[in-house]
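Student: Got a predicted model here, sequence first, then my questions.
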Protein chains: 2
Amino acid sequence: MSTAVNLAEIARRRYTTKAFDPSRTIPAETMEQLRTLLRFAPSSVNSQPWHFVIASSEPGKALVAQGTQGNFAYNAPKVMRASHVVVLCARTELGDEHLTAVLNQEDADGRFATPEAKAGQANSRGGYVKLHREIGDTAVWAQKQVYLALGELLLGAAALGLDACPMEGFDPAAVNAALGLNSRGLSAVVLVALGYHAEEDFNAKLPKSRLPAAAVISEI
Amino acid sequence: MSTAVNLAEIARRRYTTKAFDPSRTIPAETMEQLRTLLRFAPSSVNSQPWHFVIASSEPGKALVAQGTQGNFAYNAPKVMRASHVVVLCARTELGDEHLTAVLNQEDADGRFATPEAKAGQANSRGGYVKLHREIGDTAVWAQKQVYLALGELLLGAAALGLDACPMEGFDPAAVNAALGLNSRGLSAVVLVALGYHAEEDFNAKLPKSRLPAAAVISEI
């Protein structure tokens, strides 16, 4: 691979697009790359406590835009004019049914040479899940994993030459209702509009700003 | 760029390394790429509510390993035998001093054409910060941004041909004490050991497992 030179460049170049060109659509093969990226994103104890709703149709985007009304209306054009909008959702609980599905999938994928290895993995993951249940932060723990996937999605999109706009500024309850997420044990955590920036995107012309390296990185 | 073909491959190929080869060190230029990636990672309202401690010396890694004792001893060898260990830290508060530093940096970097633009940005970011202060979840909000950076770091490391082991299994209080993080307004959130896997890394030989696409992705 020859990404050695490009990675820092990609990181420096990517930025939050504030206006999308509604005439441009992400190629199917590029979206397929992002789907693979999301599906194969890592999560604590392989819990995969997430679901990703990808809206690309006008009605689909309109459903997502039900979460960008009122105080969040400034984000509605990003949802409606982007090529694709990903609703990154977290599980609100990590129930036994989900844990069994993950374990059986690992088994089917060939990760356990022996029944003991399978039982060991169930115990190990179960121990962490129990810990979070006892602390009472299972939902937050799941949301953090979703942010991990968000990081991969944003870097991946930039590497594929896409523009992106991550949005916390929306009403999760409205999106949950519009997409029927709660009944599936899910809640919307963050939105990412994906596509190509419009000519009028002021943020494309502004320099990126970050604190100096010394302020955010220490070496020991 | 020609990452179009490689991104899904990278995502499928990367895995959590369980044993590092202590004889191999990450080249300086590769670490510099990762530093840039971390520094330029996006965060909500550009809050950059984080700090990254990179341990590469033996004494540095030994300090981090103070967090991998007792119940977490299984992670100590990853910390001690990896080439580099990144301690991803979140700010425990987003105080006015930090917000002013970010704003002045944006100003110095040329993002504001007018004083009004600068005031607008201060108000906009301040509104979100106030919201989280009122809700009382500022620390958790900051931790989520750290997970976003974690996602970029893991994908970036894989793209650069490195092996990685992200770890939630450590004692944050012990790491905070060892590195003097609390007095700097920081708390350790997650560790990432980076380097090259050893021959005996059992996880290198196991197939990766993920839930089927239909279970984690919906299209609308």
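Tutor: All right, it came through fine.
Student: mind listing what residue A:59 touches?
Tutor: Applying Cβ atoms under 8 Å, 6 or more residues apart in numbering or on different chains to residue A:59 gives the contacts residue B:220. In short, each C-beta sits where N, CA and C put it, glycine included.
Student: Model confidence for it, exactly?
Tutor: Residue A:59 carries a pLDDT value of 98.
Student: Residue A:53 too?
Tutor: 98.
Student: so how far is the helix or strand encompassing residue A:144 from its chain's centroid?
Tutor: Under the criterion of DSSP states H and E, residue A:144 resides in helix A:138-159. Its chain's C-alpha centre and that of helix A:138-159 lie 4 Å apart, by Cα atoms, centre = their mean, to the nearest Å.
Student: Where does chain A get nearest to chain B, which residue?
Tutor: Using Cβ to the nearest Cβ, the closest approach of chain A to chain B is made by residue A:151 at 2.4 Å.
Student: so the helix holding residue A:144 versus helix B:138-159, what angle?
Tutor: Per axes from the mean of the first three to the mean of the last three Cα atoms, to 10 degrees, the angle that helix A:138-159 makes with helix B:138-159 is 40 degrees.
Student: For the residue of chain A closest to chain B, give its distance to residue B:41.
Tutor: Distance of residue A:151 to residue B:41, given as Cβ to Cβ, to the nearest Å: 7 Å.
Student: again, but for residue A:138
Tutor: Distance from residue A:138 to residue B:41, by Cβ to Cβ: 26 Å.
Student: More neighbours: the two, which one.
Tutor: Per other Cβ atoms under 10 Å in any protein chain shown, whichever of residue A:138 and residue B:41 has more neighbours is residue B:41, with 26 against 22.
Student: Can you check what pLDDT the model gives the more buried one?
Tutor: For residue B:41, the predicted pLDDT is 98.
Student: One more: residue A:5?
Tutor: Note on residue A:5: pLDDT of 45.
Student: what's near enough to touch the residue lying closest to residue A:143 once chain neighbours are set aside?
Tutor: Computed as Cβ to Cβ, 6 or more residues apart in numbering or on different chains, the closest residue to residue A:143 that is not its neighbour in sequence is residue A:90, at 4.6 Å. Residues in contact with residue A:90 (Cβ under 8 Å, 6+ apart) are A:49, A:50, A:139, A:142, A:143, A:145, A:146, A:186, A:187, A:189.
Student: again, only this time at 6 Å
Tutor: By Cβ atoms under 6 Å, 6 or more residues apart in numbering or on different chains, residue A:90 lies in contact with A:49, A:50, A:142, A:143, A:146, A:187, A:189.
Student: Quick check: residue A:189 touching residue A:87?
Tutor: No: assessed by Cβ atoms under 6 Å, residue A:189 is found out of contact with residue A:87, at 8.4 Å.
Student: which one of those two has more residues nearby?
Tutor: residue A:87 (29 against 23).
Student: quick one: that one is in a helix?
Tutor: No: if the criterion is DSSP: H, G, I helix; E, B strand; the rest coil, then residue A:87 is strand and not within a helix.
Student: Now that it has come up, it's in contact with residue A:188, right?
Tutor: Yes: assessed by Cβ under 6 Å, residue A:87 is found in contact with residue A:188 at 5.2 Å.
Student: Just give me the residue closest to the centre of chain A.
Tutor: residue A:150 (3.4 Å; Cα atoms, centre = their mean).
Student: Apart from its chain neighbours, what residue comes closest to that one?
Tutor: Per Cβ to Cβ, 6+ apart, closest to residue A:150 is residue B:148, 5.3 Å.
Student: again, but for residue A:166
Tutor: residue A:192 (5.0 Å).
Student: Looks to me like the one you found is in a strand.
Tutor: Yes: assessed by three-state DSSP, residue A:192 belongs to a strand.
Student: residues contacting it?
Tutor: A:86, A:153, A:164, A:166.
Student: Quick check: of the residues you listed, which lies closest to residue A:95?
Tutor: residue A:86 (24.3 Å; Cβ to Cβ).
Student: what sits against residue A:111?
Tutor: Residues near residue A:111 by Cβ under 6 Å, 6+ apart: B:206, B:209.
Student: now do 10 Å
Tutor: Remark: with contacts taken as Cβ atoms under 10 Å, 6 or more residues apart in numbering or on different chains, residue A:111 is in contact with A:46, A:103, A:105, A:117, A:118, A:121, B:203, B:206, B:207, B:208, B:209.
Student: does the fifth one count as helix, strand or coil?
Tutor: Secondary structure of residue A:118, reduced to three states by three-state DSSP: helix.
Student: Please name the nearest non-neighbouring residue to it.
Tutor: residue A:112 (4.1 Å).
Student: Please apply the same query to the first one.
Tutor: Of all residues beyond its chain neighbours, the one nearest residue A:46 is residue A:102 (6.3 Å), with distances taken as Cβ to Cβ, 6+ apart.
Student: Overlap in contacts, residue A:87 and residue A:188.
Tutor: A:51, A:53, A:64, A:67, A:170, A:172, A:175, A:176, A:178, A:179, A:181.
Student: which of the residues you listed are close to chain B?
Tutor: When contact is defined as Cβ under 10 Å from any Cβ of the partner chain, these meet chain B at A:51, A:53, A:64, A:178, A:179, A:181.
Student: Could you give me the ChimeraX selection string for whichever of those are buried?
Tutor: Typed into ChimeraX, the next command selects the buried ones out of these (criterion: 16 or more other Cβ atoms under 10 Å in any protein chain shown):
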select /A:51,53,64,178,179,181
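Student: count of residues packed around residue A:35?
Tutor: As a burial measure, residue A:35 scores 19 neighbours (other Cβ under 10 Å).
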